[in-house]
Structures are given as C-alpha cells and as structure tokens.
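Enquirer: Have a look at this prediction, sequence included:
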Amino acid sequence: EDPLRVLRVARFLARFDEQGFSIADETRKLMRHIATSGELQHLTPERVWTETEKALLEPSPWRYFEALQECGALAVIFPELSSLFGVPQPPKHHPEVDTGVHVMMTLKAAKALMAQSKNIGKEQTVAILFSLLCHDLGKGLTPLEQLPSHPGHEDISDFLSKKVCQRLKAPNPVKRLSSLVARFHTHSHRAFELRPSTVMRLFEGLDIFRRPETLEHFLLACEADAKGRTGFETRDYTQAEYLRDCAQAANAVHAKVLVNLGFRGETLGTELRKRRINAIGDIKKSYVRETP
C-alpha cells in the first residue's frame, strides 16, 4: 500500500545483489503497476531523498537506479536521469555508447576507488556518487541533430543538477559538489591541455584555497567518470596527479611572504594570483619534460 516500497525493493537489490538477490517477476509487475498508477507522485521529496541516500551507501548503488528505471519509477522521481538511458555518445570515447549505462558504470568505478581511500566518510560518499548521477544530465537535452556529440552539456548539467537537488531537498554538500562536477569535469579530463591561467580558474571555481578537501572529492568523481567506460576501467587517470601537483604548487605561494615584500590591498591579490599561475606553469613544464 505504501508506494515507497518500490524504492525499498530497489534498495534491497543494491544491498544484496552480490549475494544473489533478485526481484521476483510478480514483484516487478507490481512495481511497474505502482509506477504507472501515479502513486509515486504522492511521495514527499524528503522520503525519496532518504531512500536514495541509503541506496547510495549500499554495496551496489547502481542496481537501485537500474531497478527503478526498469519498472518506470525513475522517470517519476528522477526524470532527468531516466532520460539519459538510450541517449548515444561517441563510440570512440564511450564504447558503451548509452549515456545512462555510462552513468551507472561511473557509480561502480567510484565505489571501487573509494574502497581504496581511508578519508571518504558517508557524507562524502553520498555527495560524490550523487554528483556522478548529475554530471551528464545535460546530455538528455541534446538536440537530435547534434547526437552523438553533446556540445555545451556541462552548463546544462550544472543547471539541472541544481534543479534536481532543490527538488529532492538534497543537503548543501551534495548540491555544491554536484554543481562543481557537472560544470568542471571536462576541465579535469583535459587538464594537460589547459593553460596555467585556466587551471587557476578551475581551482578558484572549486574554491580549493579555502576548501582544500573539495579537490580530492572532485578528482575522485572525475576519475570515476573516466573509468566508467567500457575498456577504460583500469586505465590510469594521470590528470588527477597532475592537478594535485598544480594545487600543491599554487598553495605553496603564501600571501604573508608578499605582505613582507610590501604588497598591499588589490595589488597583493593580483600579485598572489600571478605567482600562483607561474607556479602552476612550472609544474606544467616539468610534466612536458617528463613526457617521452
């Protein structure tokens, strides 16, 4: 009688998938009936978010979304994500082609990466995984004549991520990281091509000088995005180490040193930024020299 049970069945699949759990055919039919009956529309955003948040912390969170997509429930509670299934991407970069499939693969890649990290708590896990659900939402709105390319999908994904987070009443850390990953994930992928000034703008956008922990969460999501592709699962993501080195170099330039040199006010900020860009440039040169 409670339509929330559709989400709970899907969450049980995410929890027990590795133990061989499966949803009975009769239960799947009932889930589809509830999804098409309009009952799910009566669920409050808070109940949907609570169940989804729990699912993201399960061992196989992608099974939750796959089960909801199969029964039609995802189109009701998360239509922006549901619309990605069946949307093609360039096979050269995405051999799996289907955007929805790719997003599910990013969740799997992220769980594997987080299993290797000791500094990712529950709150960060939810934020990172939800940011991956949102990072390509703009591809669901790409005009048919532009497919399989998706020019400008980053800004649209950012807009939609904010819309989804607001509708589901997601916590602020989830809103913030989802927006940042949607807007800047391709910057990370193209890190070696970026000018030092562009890398600096990326860091400023991520606000890493005040919130240094953001960089690691952002890079984990970007690495999961890169590895969440057929045939790319074990490929090294060297962009992450490069951006870490750039951030470390930029952070090593301290305002206090410039104050001691006599810089004040606006000129202090300008000189600090200039020297940080130069420090990033030195890292870029060192990587060029190391490239065979």
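Expert: Happy to help now that I have it.

Enquirer: where in this protein is pLDDT low?
Expert: 1, 289-292 (pLDDT under 70).

Enquirer: Give me the helices and strands touching the helix ranked longest in it, please.
Expert: With secondary structure taken from DSSP state H, the chain has its longest helix at helix 265-290. In terms of contacts (3 or more CB pairs under 8 Å, 6 or more residues apart in numbering; DSSP states H and E), helix 265-290 is packed against helix 196-206, helix 238-251, helix 255-260. (Each C-beta comes from the backbone N, C-alpha and C, glycine too.)

Enquirer: could you dump those to a markdown table with mean neighbour count and distance to residue 219?
Expert: As requested, these are arranged in a markdown table below (neighbours: other CB atoms under 10 Å; distance: least, CB to CB, whole Å):
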| stretch | mean neighbour count | distance to residue 219 |
| --- | --- | --- |
| helix 196-206 | 19 | 10 |
| helix 238-251 | 18 | 4 |
| helix 255-260 | 12 | 25 |
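
Enquirer: will you turn those into a markdown table that also has distance to residue 4?
Expert: Below are the helices and strands packed on helix 265-290 laid out as a markdown table (distance: least, CB to CB, whole Å):
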| stretch | distance to residue 4 |
| --- | --- |
| helix 196-206 | 36 |
| helix 238-251 | 38 |
| helix 255-260 | 52 |
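
Enquirer: can you tell which of the ones you listed is closest to residue 111?
Expert: For the helices and strands packed on helix 265-290, the distance to residue 111 is smallest for helix 238-251, at 17.1 Å, taking CB to CB.

Enquirer: Can you dump the C-alpha atoms of the closest one in CSV for me?
Expert: C-alpha atoms of helix 238-251 as CSV (Å, rounded to 0.1, in the frame of the first residue of the first chain):
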residue,chain,number,x,y,z
THR,A,238,47.2,10.8,-14.7
GLN,A,239,45.3,14.1,-14.8
ALA,A,240,44.5,13.7,-11.1
GLU,A,241,48.1,13.6,-10.0
TYR,A,242,48.9,16.5,-12.3
LEU,A,243,46.2,18.7,-10.8
ARG,A,244,47.2,17.7,-7.3
ASP,A,245,50.8,18.8,-8.1
CYS,A,246,49.5,22.1,-9.6
ALA,A,247,47.3,22.7,-6.5
GLN,A,248,50.2,22.0,-4.1
ALA,A,249,52.5,24.4,-6.1
ALA,A,250,49.8,27.1,-6.0
ASN,A,251,49.1,26.6,-2.3
